[in-house]
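> Predicted model and sequence below, questions to follow.
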Amino acid sequence: MARAQSPRRILITTIAAWTVALIIFFPVLWMILTSFKTEASAVASPPELLGASWTFENYVEVWARSDYPRFFWNSVVIAVGSTLLGLAIAIPSAWAMAFVPGKRTKDLLMWMLSTKMMPAVAVMVPIYLLFLQLGLLDTRIGLVLVLMLMNLPIIIWMLYTYFKEIPGEILEAARMDGASLWNEIVYVLTPMAIPGIASTMLLNIILAWNEAFWTIVLTTTKAAPLSAFIASFSAPQGLFYAKLSAASAMAILPILILGWFSQKQLVRGLTFGAVK
Amino acid sequence: MGKIQLTKVRKSFGEVDVIPGIDLTIEDGEFVVFVGPSGCGKSTLLRLIAGLEDTTSGVIDIDGKDATNLPPAKRGLAMVFQSYALYPHMTVRKNIQFPLKMAGMDPAEQTRRVEKAASVLNLTNYLDRRPGQLSGGQRQRVAIGRAIVREPAAFLFDEPLSNLDAALRVGMRQEISELHQTLKTTMVYVTHDQVEAMTMADKIVVLNAGRIEQVGSPLTLYHEPRNKFVAGFIGSPRMNFIDGAEAAKHNAHTIGIRPEHITVGDGPWEGVVGLSEHLGSDSFIKVDVPGLGTLNVRGPGELGVHHGDRVKLAPAGKIHRFDAEGLAL
């Protein structure tokens, strides 16, 4: 239903929206500004919004001092790998729960979600020991596995919600048309759920990219992704805020670009089913 | 060949017996309509035949072979759904082609069959469109096209016209009947609309609460209903039922008279006209007759009777007699 919008109302909501947006974005903005300051001006008290002189020095030094491409490549492999593996497991699971639910399907879904409520640190020691014994420490495959397992409940929940929106009659029609279960999923369900699958994929790549706890705990050098790369700049020599900021900016830039270009898809995916 | 035989077919969902046990034979080439009020189990019965639901017990034979435990695709049947159930991401061509592709048919033969079906159903110009770009009637034709390309043993229709507007429904009804004349394939059609049942069927199966009330040709059901339920369900407006002294005169617990079998003019019954509807071709009036209740009467278009008029009525046709259990005498 259309509601009349007075200019005053529009002004107030605009100001409120911008205020909230700036509060949320401020830490990121501060980080980017700091990355262009000298180390001295980065720690100045009172803080300076803009440094006295701007410099690219930090970026140059961070690039020179570390092997950025390797960290970047590890991040890509881990984020994309864990998401694809998660989807491969989640699509059939969500299909089963959405279209052939059993008596306990709802409980199962809740239980899966409840694992997300457990603090990661609670299973840190067992997982570390497990990784140690299986020789998975500091390997990309190990991180792919652990991040996939971490995000699997979210992937299944999101896909379950999308799949529930697909009319059952269409799948029955496919069955009448002679489609096997596999064909039904490949030719009918998946193409129809592409918007949902795409937004699930994007969200999970972002979650996996930003994951810091497990990447720092389970990697040292070989498999370390960008989140570990940032951590390596809070070094024992002391805190170098400007360089740390530059490293952080370099770490988040790729995912920020991905998020920017896919924001329409993300928003559509996240509100999917809410509006019909 | 498309003979379908149900033997003691039962279906229950948990504790609820939706279909307590049905025996039915559908002959090859027959147009059979399942009709009944909503919740009578007609769609469930169709889905059991299709294989989309598992039977609780009983046997379903298709072409003399036990198909009870076969998956839908192996039964050789095609189904048209109420919601059309087209694949929204595929073009019309791909939709119609889908069952052939699933059957692994030779691509040249696939194309030939799709084009033949499209020309039969006037869809040739729409082959490259998606279902979203079609009207309701065109979508329904695509759903039928998808069903006919497979050359199935029988077609199953689940209320296929209920999403269409009235004018289109009449047109599609005729198209489906013509299709049946051309293909001569068994068709099983579910509807709650008794006009569709009467106009299309070779044989009507009237269902109520999961039980078959009567099976017969449309006119058999109209003229010789086996019980009050069938008598009341078949025919529009509904048959009038009269109990008490008037029924006792005919040695029955209840008598039934169709609205078209009552004349207005002179007669033993007198009452006041309540509602009167003039359709041009027919007039439908409701008359409150003391002692008998409200009677539906169907008269000629030029019946000059209006609300509040006093009229005399006389039965002029078959009087159906029923016993206390509602069975025809």
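Happy to help now that I have it.

> Please go through chain A and pick out the longest helix.
The longest helix of chain A (DSSP state H) is helix A:68-99.

> so how many other residues sit close to the closest residue to chain B within the stretch 1-150 of chain A?
Nearest residue of the stretch 1-150 of chain A to chain B, counting by CB to the nearest CB: residue A:103, 10.6 Å away. Where you see a C-beta, it was placed from the backbone N, CA and C, and this is true even at glycine. The number of residues packed near residue A:103 is 6, by other CB atoms under 10 Å in any protein chain shown.

> Make sure it is indeed in a helix.
No. Counting by DSSP: H, G, I helix; E, B strand; the rest coil, residue A:103 is not part of a helix but coil.

> Provide the secondary structure category for residue A:254.
At residue A:254, secondary structure determined by three-state DSSP is helix.

> Tell me how many other residues surround the residue nearest to it when sequence neighbours are not counted.
Distances taken as CB to CB, 6 or more residues apart in numbering or on different chains place residue A:72 nearest to residue A:254, at 6.9 Å, with adjacent residues excluded. By other CB under 10 Å, 17 other residues sit near residue A:72.

> repeat for residue A:77
When neighbours are counted by other CB under 10 Å, residue A:77 comes out with 16.

> residues contacting it?
A:140, A:144 (CB atoms under 8 Å, 6 or more residues apart in numbering or on different chains).

> hmm, back to that, now do the residue nearest to residue A:254, the pLDDT please.
Here the pLDDT value assigned to residue A:72 is 90.

> can you tell me how far residue B:220 sits from residue B:203?
Distance of residue B:220 to residue B:203, given as CB to CB, to the nearest Å: 9 Å.

> For these two, indicate the residue with more neighbours.
More crowded of residue B:220 and residue B:203, by other CB under 10 Å: residue B:203, with 19 against 15.

> Now the more buried one: phi and psi?
phi -140, psi 130 (degrees, to the nearest 10).

> got the residues of chain B near chain A?
By the rule CB under 8 Å from any CB of the partner chain, the part of chain B lying against chain A is B:50, B:52, B:71-73, B:77-79, B:81-83, B:85-89, B:98-99, B:102-103, B:146, B:150.

> Tell me which stretches of the stretch 51-200 of chain B form helices.
For the stretch 51-200 of chain B, the helices defined by DSSP state H, counting those that start in this stretch cover B:92-102, B:107-120, B:136-148, B:166-183, B:194-200.

> Convert the C-alpha atoms of stretch B:291-306 to PDB, please.
C-alpha atoms of stretch B:291-306 as PDB (Å, rounded to 0.1, in the frame of the first residue of the first chain):
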ATOM      1  CA  GLY B 291     -45.200 -28.600   4.200                       C
ATOM      2  CA  LEU B 292     -42.600 -29.300   1.500                       C
ATOM      3  CA  GLY B 293     -39.900 -26.700   2.000                       C
ATOM      4  CA  THR B 294     -38.200 -24.700  -0.700                       C
ATOM      5  CA  LEU B 295     -38.400 -26.200  -4.200                       C
ATOM      6  CA  ASN B 296     -36.000 -25.400  -7.100                       C
ATOM      7  CA  VAL B 297     -37.900 -25.100 -10.300                       C
ATOM      8  CA  ARG B 298     -36.400 -24.700 -13.800                       C
ATOM      9  CA  GLY B 299     -38.800 -23.200 -16.300                       C
ATOM     10  CA  PRO B 300     -38.700 -21.800 -19.800                       C
ATOM     11  CA  GLY B 301     -37.000 -18.400 -20.400                       C
ATOM     12  CA  GLU B 302     -40.300 -16.600 -20.800                       C
ATOM     13  CA  LEU B 303     -41.800 -17.800 -17.500                       C
ATOM     14  CA  GLY B 304     -43.200 -14.500 -16.300                       C
ATOM     15  CA  VAL B 305     -42.900 -15.200 -12.500                       C
ATOM     16  CA  HIS B 306     -41.200 -12.900 -10.100                       C
END
